[in-house]
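Q: Based on what follows, work out the 3D shape:
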Amino acid sequence: MRRPIVLLVLLLAASACSPGSTTTAPAPASTTAGDPSTSSTTAVEASGAESDRDRSQTTTPLEYLDGPARAFMRQMNEPRPVENSAMPPRHWDPERFPEILVERTEILPGGPPPDGIPSIDTPSAVPVERIDWLDDAEAVIVVSVGESTRIYPIQVLIWHEIVNDELGDVPITVTYCPLCNSAVVFEREIDGRLLDFGTSGYLYQSSLVMYDRQTESLWTHFDGRSVVGTLIGTELPLVPASTMSWADAIAAFPDATVLERDTVDPKPYGRNRYAGYDQADAPLTGWFTNREVSDRLALMTRVIGIRRATPLAVPLDLAAERGVIPLDDGAPLVVFWSPGTNSPLQDDDVAGGDDIGATGVFSPIIDGRELTFTSDDGVFTDAQTGSSWSIAGTALTGPLAGRRLTPVEHLDTFWFAWATFEPETTIVG
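A: The predicted structure is shown next:
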């Protein structure tokens, strides 16, 4: 089968399953000589037969396509700054990319074009005391690398989704996907090569799909894996991160720096364009197509996902009920939950949602000794020394004051997203 017909079939399928069949990718500024929309190949010729009509009057395959499909065909062939670019919709071409780690037609347009949701590539960070625009219960992402800690407000990330940064001399990428309510942080240097990431404008199972600007490979943000393109199969090292309230963050890390709001390309920071999303019964229609997702929990159930040899999911309601949940899957873990952090996805204002609390996952081992904890209104006390601990895993008082538990990479997210990427999960409780 000739390539135009292969692409025709793919694009018709993609057009049929794209959300509402109305999402239109922008037409490029110009077309190239290889643009199929300018080809004189006819539908009859493509099938190997001869046309009885004058070729100048015959109908091309593209005339049967709707507007979005024609736009995708043009994008498929417009020039890119790197060779072998997998920038959508090129990933739909099985001749160009015969190998792909997910179903290619499940990487779907989310609405904005590539970089339509702009990453922050030259971030500015300031001391805690210079911030006067965050509410105490407002959700932020806290990342520590070595002795350096930086706080990334979700009211900024909800408009940019990606921050290419450096913390403690380590290049990192901080990502946040509102549709799966997930903040994931990666190291972005692979085999000595520094990568910068942007938003592709596409989603995989209602989760952000990133691209790197060096090779234009596509990556699923949820697990930091390249799924198509030059770097296919590469996995970015994960960096532990926690979502907690602004008040908890600055109490635990008073010397941290804070990501400033972008003044070059400012957005309506503090406003939430996904208001009410976390109150829905299911992800947005059209972008989540996984019919095999486990029904052990409701799709929008909040869970604490822990990536282990056997992945674990702790329902947030269970964590809120108990406060402390000890786990052991060969190595001891402890899960903390404390009140005081508002949902950023419920109200028109990022700070205005209901209190859903904050979580932390840690190794409970200090100086070779395993600690056991109890909880009282978000303050955690170990039975061995009587020291009190914060949601950030920092000892506040007692013999261990100033010590920190070792954080374990975990993810606050919705069940539909966690179960899609970690289908063999054990549910705690």
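Q: following the lowest-mean-pLDDT helix or strand in the chain, which helix or strand shows up next?
A: Lowest by mean pLDDT, DSSP states H and E among the helices and strands of the chain is helix 43-46, with a mean of 32. With elements assigned by DSSP states H and E, the helix or strand that comes after helix 43-46 is helix 67-77.
Q: need the next SSE after that next one, C-terminal direction.
A: Using DSSP H and E, the helix or strand that follows helix 67-77 in sequence is strand 107-109.
Q: partners of that following strand, with directions?
A: strand 197-204 (antiparallel) (DSSP bridges).
Q: what comes into contact with the following helix or strand past the partner strand?
A: Next helix or strand after strand 197-204 toward the C-terminus (DSSP H and E): strand 207-212. Identification of contacts with strand 207-212 by C-beta atoms under 8 Å, 6 or more residues apart in numbering yields 86-88, 107, 114, 161-162, 173, 175, 177, 179-180, 182, 195-200, 202-203, 217-222, 226, 229, 231, 417, 420-421. For the C-beta atoms, the positions are set from N, CA and C on the backbone; glycine is no exception.
Q: now could you export just the CA positions of strand 207-212 as CSV?
A: Only the C-alpha atoms of strand 207-212 are listed here, as CSV (Å, rounded to 0.1, in the frame of the first residue of the first chain):
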residue,chain,number,x,y,z
SER,A,207,-2.0,12.8,30.2
LEU,A,208,0.6,15.4,29.1
VAL,A,209,2.8,14.3,26.2
MET,A,210,6.1,16.3,26.1
TYR,A,211,8.7,16.6,23.4
ASP,A,212,12.4,17.3,23.8
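Q: Next, the angle from that strand to strand 197-204.
A: 140 degrees (axes from the mean of the first three to the mean of the last three C-alpha atoms, to 10 degrees).
Q: Let me see the domain layout of this protein.
A: For the chain, the structural domains run 3-79, 125-259, 290-427, going by automatic domain parsing.
Q: For residue 413, see how far away residue 103 is.
A: 21 Å (C-beta to C-beta, to the nearest Å).
Q: of the two, who's got more company?
A: residue 413 (25 against 12; other C-beta atoms under 10 Å).
Q: pLDDT score assigned to the more buried one?
A: Per-residue pLDDT puts residue 413 at 98.
Q: element containing it?
A: strand 410-414.
Q: Could you list every helix and strand that the very next helix or strand once past that strand packs against?
A: Next in sequence after strand 410-414, counting helices and strands by DSSP H and E, comes helix 415-421. Packed against helix 415-421 by the contact rule (3 or more C-beta pairs under 8 Å, 6 or more residues apart in numbering; DSSP states H and E) you find strand 207-212, strand 302-306, strand 312-315.
Q: so what secondary structure elements neighbour the helix or strand just after helix 415-421?
A: Sequence order places strand 426-427 as the next helix or strand after helix 415-421, per DSSP H and E. Helices and strands touching strand 426-427, as assessed by 3+ C-beta pairs under 8 Å, 6+ apart, comprise strand 312-315.
Q: Strands of the stretch 201-350 of the chain, start to end?
A: 207-212, 218-220, 225-228, 238-239, 241-245, 257-259, 302-306, 312-315, 324-328, 332-338 (DSSP state E, counting those that start in this stretch).
Q: buried ones in the host helix or strand of residue 396?
A: Per DSSP H and E: residue 396 is located in strand 395-397. By neighbour count on 16 or more other C-beta atoms under 10 Å, the buried set for strand 395-397 is 395, 396.
Q: Give the pairing partners of it; include direction for each.
A: Here, using DSSP bridges, strand 395-397 pairs with strand 388-389 (antiparallel).
Q: Mind checking the pLDDT average for the strand it pairs with?
A: Here the average pLDDT along strand 388-389 is 97.
Q: nearest to residue 406, of the helices and strands packed on helix 415-421?
A: Nearest to residue 406 among the helices and strands packed on helix 415-421 is strand 302-306 (13.9 Å), distances taken as C-beta to C-beta.
Q: what pLDDT, on average, does that closest one get?
A: Averaged across strand 302-306, pLDDT comes to 98.
Q: Tell me which other helices or strands that strand touches.
A: Using 3+ C-beta pairs under 8 Å, 6+ apart: strand 302-306 touches strand 312-315, helix 316-322, strand 332-338, strand 358-363, strand 410-414, helix 415-421.
Q: Quick one: closest of the ones you listed to residue 243.
A: strand 410-414 (5.3 Å).
Q: elements contacting that closest one?
A: Counting by 3+ C-beta pairs under 8 Å, 6+ apart, the packing neighbours recorded for strand 410-414 are strand 182-187, strand 302-306, strand 358-363.
Q: let's go with 10 Å and repeat that
A: Counting contacts by 3 or more C-beta pairs under 10 Å, 6 or more residues apart in numbering; DSSP states H and E, strand 410-414 packs against strand 182-187, strand 241-245, strand 302-306, strand 312-315, helix 316-322, strand 358-363, helix 415-421.
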